[in-house]
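Trainee: 3D, please:
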Amino acid sequence: SHPTRAVKQNKMHWPVVYQFLLIFPHFVNCGMISGTPVKFFKDFIRDKDLDNILVIHEGGVGSALKELVHETTLMNKKISVVEYPLRGTPKESFHDLTFLVLLKKSAALEFLENIPPSLFTLKNVFLVENEDLNLGNIYFPIDSQVFTFQPNRMDVKIYEVYKIDSGLDQIVKKYGEWNSRLTLDPMPLFERRKNMMGYKFSAETMPEPPYVIVNFDNLANGRGRPVSGIWGDVWQNLENSMNFSTKISVSPDNKWGSQTEDGKWNGIIQGLQEKRTQVGLASFSITFARGLAADFSPSMMKWSLKMFIKSPTREASWTTYVQPFDITLWLALLLLLIFMMLCLSATYMLGPEKYLNPDSFSLINSFILIWGSQIGQGSWLDPKSFASKIIFFVSFLLGVCLVASYSAALMSYLTIGAKLPFKSLEGLLASDYQIGSVNGSAFLDVFLLAPPGSIHSKIAMQKIKNNPKSVPDSIEEGLLKAKQERYAFVWSTDVVNGVNQDNCDFVEIPDEVSSGHLGIGFNKDLPQRHLFNFFINRMKETGQMKRILRKWLPKPREDCNAAAGFLSLGLDNLISAFAMFMAVALLAIFMALLEKFVFTKKERAIQISDTSDDSLSKKDGWAPFQKG
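Mentor: Numbers count the residues shown, from 1 in each chain. Just a heads-up that it's a prediction; the model follows:
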């Protein structure tokens with residue numbers, strides 16, 4: 001009633017096609033393969049959910065092997081049986097493969113030594129019959145899945161075999177056992193293998209606070225932490241969790257890595273591609289082009305690329321405090337002041353105020369009183385007549401309105417009077433500003449490698465490629481250039497926010513140039529990268545990554561953001577007020593000295609006059625005249 005099952009060689013995996021094996025359905029589930037029950041293999045395949053199984057054996061196809069094929073196909077698994085020695089070399093496949101190597105030790109070692117090393121990867125599983133614990137000195141990377149089992153009828157022991165690095169000894173650990181029931185270590189693969197036993201990695205870095213902060217003294221003498229910041233804290237956590245150390249050096253050409261015109265890479269990416277270093281401990285922007293030359297960790301954070309220019313400020317002006325009102329309004333207020341002064345004096349001279357309140361609203365007193373009312377001051381005089389009260393009331397009411405209007409206009413002028421020269425990439429293209437980013441960075445490649453016809457490509461053609469001076473060699477050089485010239489420096493907001501903590505030298509343009517993700521770089525196919533990625537993802541899941549980001553990422557100063565419509569006031573904004581105060585103070589001192597001189601002279605004249613009168617009365621016998 002069951003159809004005939006046929007298992008043949010898959011041409012995609014093997015260069016030679018073998019004969020069909022006819023497997024008939026009815027078996028007693030008690031067969032032994034190499035002294036090990038078929039049920040052990042069945043349980044191992046089912047428990048680890050393996051598929052695309054290749055059974056490597058020598059000798060004929062016995063009933064036990066047919067039983068294994070039958071039981072496996074009943075689980076909807078693909079299985080092929082290949083007789084050793086092989087007629088060709090196994091090839092890589094897009095599928096996850098499982099190798100059941102049922103050979104004697106010498107033949108098994110020969111098979112494992114001759115297959116491509118690229119098959120020993122995380123996606124392929126090897127289950128090798130082996131009576132000894134190790135498998136010679138073959139390099140099974142730390143991310144490979146090579147397991148051995150010792151043949152036994154009742155109690156099968158399973159071990160995992162790997163190396164931390166090709167030059168080190170094999171590590172053999174017990175993984176599980178089978179005693180009519182399969183029991184495997186439930187701990188994840190990378191958790192089981194996280195102990196690197198003091199292995200020392202090589203890494204290159206690039207300083208970029210707050211992502212990477214390099215202590216060059218510690219780097220030179222080999223003491224203390226050479227790297228801190230976000231990347232430094234993450235890497236130190238990995239070192240502590242996985243028991244390894246790192247020899248760190250700065251990129252030889254001080255570049256992260258970009259492609260040159262001949263298609264070659266420079267910077268740390270070149271070092272990763274050429275195996276000069278194993279780890280790129282720098283804040284790499286993860287791009288498609290870089291992904292062809294190196295591998296990267298999961299995204300550790302997102303970056304936002306903005307243009308930064310020198311904070312726009314107003315030129316120092318002696319007319320700052322005059323500009324809130326138009327010149328015609330100032331002239332009108334001056335004429336009004338004179339007119340109201342004359343009106344108040346007229347009500348005093350022509351009305352009853354002169355008799356009701358003598359010596360009150362003279363011309364000089366009226367001037368001082370009207371002036372004081374316009375600047376919100378009070379009065380020491382109290383008008384008595386109705387006409388004087390009308391002028392008095394209107395003058396103070398107008399003064400309140402003027403003070404309020406002037407204060408509002410002046411405050412608005414001082415805070416939002418400065419304007420950005422442009423607010424987008426299109427605006428920059430039409431302006432006389434230059435633009436650029438650090439040489440050898442992915443941020444510069446945003447323009448240089450942009451699709452033709454895009455705004456980024458137009459800026460690269462018109463502003464960058466024809467002006468080599470617009471491409472600085474470091475972040476510090478780019479910021480200095482933006483501070484001294486009409487130049488927009490393109491970089492991550494987090495870095496410039498850190499620079500702006502002590503002052504507001506730079507302001508960001510609202511338009512976002514680009515965005516992406518940052519991570520750590522590794523050699524292409526570095527076996528240990530899977531362990532790094534596993535623990536980085538765990539740090540993200542447990543919230544540890546967020547705590548590190550909160551510790552190091554600077555909060556932007558809101559008063560530095562011109563896009564929000566606010567600029568901090570500087571001395572140049574208030575120079576006219578200070579100058580006016582100093583001028584008035586000097587004038588007051590001069591007038592005080594002049595008054596002292598005049599009154600001193602008058603006092604001497606009075607004293608001489610008094611002395612002459614006394615002498616004359618004594619000489620002629622006259623007595624001074626006294627009233628009463």
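Trainee: in which helix or strand would I find the residue nearest the centre of the chain?
Mentor: The chain has residue 494 as the residue nearest its centroid, 4.1 Å off, counting by CA atoms, centre = their mean. Per DSSP states H and E: residue 494 is located in helix 493-499.
Trainee: ok, the helix or strand that that helix is followed by: who's next to it in the sheet?
Mentor: For helix 493-499, the succeeding helix or strand toward the C-terminus, using DSSP H and E, is strand 506-522. Strand 506-522 has its sheet partners listed here by DSSP bridges as strand 279-285 (antiparallel), strand 295-296 (antiparallel), strand 301-310 (antiparallel).
Trainee: Would you mind pulling the contact partners of the longest one?
Mentor: It refers to strand 301-310. 230, 283, 285, 420-421, 425, 428, 433, 435, 443, 446, 479, 482-484, 486-494, 496, 505-509, 511-518, 545, 549 (CB atoms under 8 Å, 6 or more residues apart in numbering). No exception for glycine: its C-beta is placed from N, CA and C like everyone else's.
Trainee: Please convert the buried members of these into PyMOL selection syntax.
Mentor: Under the burial definition 16 or more other CB atoms under 10 Å, those of the contacts of strand 301-310 that qualify are selected in PyMOL by:
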select buried, resi 230+283+285+425+428+433+435+443+446+479+482+487+488+489+490+491+492+493+494+496+505+506+507+508+509+511+513+514+516+517+518+545+549
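Trainee: okay, the strands paired with strand 506-522, which one's buried deepest?
Mentor: strand 279-285 (a mean of 27; mean count of other CB atoms under 10 Å).
Trainee: Show residues contacting that one.
Mentor: Strand 279-285 is contacted by residues 201-206, 208, 211-212, 227, 230-231, 235, 246, 248, 251, 256-257, 268-269, 271-272, 290, 294, 296, 303, 441-443, 516-523, 526 when judged by CB under 8 Å, 6+ apart.
Trainee: Poorly predicted segments of the stretch 51-200 of the chain, please.
Mentor: Under the criterion pLDDT under 70, no range of the stretch 51-200 of the chain is flagged.
Trainee: Go ahead and confirm residue 163 touches residue 170.
Mentor: Yes: under the criterion of CB atoms under 8 Å, residue 163 makes contact with residue 170 at 5.6 Å.
Trainee: Give me the common contacts of these two.
Mentor: Residues touching both residue 163 and residue 170 (CB under 8 Å, 6+ apart): residue 140.
Trainee: out of the contacts of strand 279-285, which are buried?
Mentor: By 16+ other CB under 10 Å, the contacts of strand 279-285 give 201, 203-206, 208, 211-212, 227, 230-231, 235, 246, 248, 251, 256-257, 268-269, 271-272, 290, 294, 296, 303, 441-443, 516-523, 526 as buried.
Trainee: Show me the residues you listed that map onto helices.
Mentor: Those of the buried ones among the contacts of strand 279-285 mapping onto helices are 230-231, 235, 268-269, 271-272, 290, 442-443, per DSSP state H.
Trainee: Including pLDDT and distance to residue 540, could the residues you listed go into JSON lines?
Mentor: Shown next, in JSON lines, are those (pLDDT from 0 to 100; distance: CB to CB, whole Å):
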{"residue": "230", "pLDDT": "96", "distance to residue 540": "13"}
{"residue": "231", "pLDDT": "97", "distance to residue 540": "14"}
{"residue": "235", "pLDDT": "97", "distance to residue 540": "15"}
{"residue": "268", "pLDDT": "97", "distance to residue 540": "23"}
{"residue": "269", "pLDDT": "96", "distance to residue 540": "24"}
{"residue": "271", "pLDDT": "96", "distance to residue 540": "27"}
{"residue": "272", "pLDDT": "97", "distance to residue 540": "23"}
{"residue": "290", "pLDDT": "95", "distance to residue 540": "21"}
{"residue": "442", "pLDDT": "92", "distance to residue 540": "22"}
{"residue": "443", "pLDDT": "93", "distance to residue 540": "24"}
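Trainee: Run through the strands of the stretch 351-500 of the chain in chain order.
Mentor: 434-436, 487-492 (DSSP state E, counting those that start in this stretch).
Trainee: Nearest approach to residue 335 belongs to which of these?
Mentor: With CB to CB, the closest approach to residue 335 among those belongs to strand 487-492: 48.7 Å.
Trainee: Strand partners (parallel or antiparallel) of that closest one?
Mentor: Assessed with DSSP bridges, strand 487-492 is paired to strand 301-310 (antiparallel), strand 434-436 (parallel).
Trainee: got TSV for those strands, with distance to residue 540 and mean pLDDT too?
Mentor: Below are the strands paired with strand 487-492 laid out as TSV (distance: least, CB to CB, whole Å; pLDDT from 0 to 100):
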stretch	distance to residue 540	mean pLDDT
strand 301-310	10	93
strand 434-436	34	95
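Trainee: can you tell me which of those comes nearest to residue 451?
Mentor: For residue 451, the closest of the strands paired with strand 487-492 is strand 301-310, at 16.6 Å, according to CB to CB.
Trainee: which helices and strands sit right next to the helix or strand that the closest one is followed by?
Mentor: Using DSSP H and E, the helix or strand that follows strand 301-310 in sequence is helix 327-350. With contacts taken as 3 or more CB pairs under 8 Å, 6 or more residues apart in numbering; DSSP states H and E, helix 327-350 sits against helix 363-374, helix 386-416.
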